[in-house]
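1. My questions are about this predicted structure, shown below with the sequence.
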Amino acid sequence: ARSLAITVPAQSAEYVLSGVAGGDQLRLTSSLGETVALHWYMDDQYLGQSEPDKPVYWPLALGEHRATCVSLDGATSTVGFSVVRPSGGVPIR
């Protein structure tokens, strides 16, 4: 059996806010997400349960965060990541 591991967000990843309405959302995924239901937490707040055909999305928020998922049999995986503002100030045309 494969072990549970969060694949998105990636450990130590840095996500940049785009500012696009409705666009700054992260689809949370794991190594087991295609086969089992998982419970998701962000910064110790419960987000919801994902199922193979029903992912959980998290709206990006500035700062350092910790995502955790828990399988129904008690396996857990946690990653730390950050969300930053765009730098450079150069608009994309």
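-> Looks like it arrived, so ask away.
2. so where is this protein shaky, pLDDT-wise?
-> By pLDDT under 70, the low-scoring segments of the chain are 1, 88-93.
3. and with 90 instead?
-> Filtered on pLDDT under 90, the chain yields the residue ranges 1-2, 18-23, 33-34, 85-93.
4. All the strands of it, in order from the start?
-> Along the chain, the segments classed as strands by DSSP state E run 6-8, 14-16, 25-30, 38-42, 45-50, 56-59, 63-71, 76-84.
5. among these, which is the most enclosed?
-> strand 38-42 (a mean of 20; mean count of other CB atoms under 10 Å). C-beta: built from backbone N, CA, C; applies to glycine.
6. how far is that one from where the chain is centred?
-> On the basis of CA atoms, centre = their mean, to the nearest Å, strand 38-42 is displaced by 9 Å from the centre of the chain it belongs to.
7. I'd like to know which elements it is packed against.
-> Helices and strands touching strand 38-42, by 3 or more CB pairs under 8 Å, 6 or more residues apart in numbering; DSSP states H and E, are strand 45-50, strand 56-59, strand 63-71.
8. got the contact list for the closest residue to Gly48 other than its chain neighbours?
-> Leaving aside its sequence neighbours, Gly48 sits nearest to Val56 (CB to CB, 6 or more residues apart in numbering; 5.1 Å). Applying CB atoms under 8 Å, 6 or more residues apart in numbering, we find Val56 in contact with 27-28, 40, 47-50.
9. And Val56, how close does it get to Pro86?
-> With distances taken as CB to CB, to the nearest Å, Val56 is found 25 Å from Pro86.
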